[in-house]
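[1] Give me a 3D structure for the following:
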Amino acid sequence: MKNIYLSFCMILFIELFGGMIAYGEENKSKSHTSLWSSVWDEKVNDVAFKKVGATLETPYTIQELVDILNTTLFLGIEVVSQKTETLKIRINKSEDMTQHMGSSGARTCLGIITFTLTENLRVKKVDMDFDFGSHASPGVYSRADFVQAF
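    You can find the predicted model right below:
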């Protein structure tokens, strides 16, 4: 009876230990939630950007970053091309951003898109193509355009 009990305890331990390892590996995997968030910075009286996602050993691919943005912002972003360090994207559903969020909301979207896509080490600037609106204009953006984030 004692041997059966020990065997049961060993099996339970192995299952629990294996589950903890799997849980740890799962938590190291890439997230499909926002990597960047906006916060109000009272020092500069403007929106600033804060990293909320974990830094990974394996960087995100450009397509993974686009998928994250499409999951969180619902703007229909697609990659058009990449030349050197500039990634050209098209925002297919830009009307909410350009017409209905106000200037701060549009600027926040542009900043989150820029910060997220520049998580990929090959991307330093994002050339955004979308329909011009009252609150946002297409163009090339880099993290430097949102300097209060630092």
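[2] okay, CA-based contacts and neighbour counts for the rest of this
    Noted.
[3] quick one: residue 41 and residue 48 touch, right?
    Yes. At 5.8 Å, residue 41 counts as touching residue 48 under the criterion of Cα atoms under 8 Å.
[4] quick one, which of those two is more surrounded?
    Higher neighbour count among residue 41 and residue 48: residue 48, with 20 against 13, using other Cα atoms under 10 Å.
[5] Thought residue 123 was touching residue 142, still the case?
    No. Using Cα under 8 Å as the test, residue 142 is too far from residue 123 to be in contact (9.2 Å).
[6] Assign residue 64 to helix, strand or coil.
    Under DSSP: H, G, I helix; E, B strand; the rest coil, residue 64 falls in the helix class.
[7] That one: how many residues sit nearby?
    Neighbours of residue 64 (other Cα under 10 Å): 16.
[8] With residue 78 instead?
    Neighbour tally, residue 78, other Cα under 10 Å: 17.
[9] Kindly state the beta-bridge partners for it.
    residue 90 (DSSP bridges).
[10] now the strands for the chain?
    For the chain, the strands defined by DSSP state E occupy 36-41, 46-51, 77-83, 86-91, 125-129, 139-142.
[11] Can you say which of those strands is nearest to residue 104?
    Closest approach to residue 104 among these (Cα to Cα): strand 46-51, 7.5 Å.
[12] What pairs with the closest one, parallel or antiparallel?
    Strand pairing for strand 46-51, using DSSP bridges, gives strand 36-41 (antiparallel).
[13] Name the surrounding residues that touch stretch 136-150.
    The contact list for stretch 136-150 (Cα atoms under 8 Å, 6 or more residues apart in numbering) reads 41, 44, 46-50, 97-98, 103, 106-107, 111, 114-115, 118, 124-132.
[14] Now which of these would you call buried?
    Buried by 16 or more other Cα atoms under 10 Å: 47-49, 97-98, 106-107, 111, 114-115, 118, 124-130, out of the contacts of stretch 136-150.
[15] residues contacting residue 58?
    Residue 58 touches nothing, counting by Cα under 8 Å, 6+ apart.
[16] Show the pLDDT at it.
    Residue-level confidence at residue 58 comes out at 74, pLDDT.
[17] Chain neighbours aside, what residue packs nearest to residue 102?
    Distances taken as Cα to Cα, 6 or more residues apart in numbering place residue 135 nearest to residue 102, at 5.9 Å, with adjacent residues excluded.
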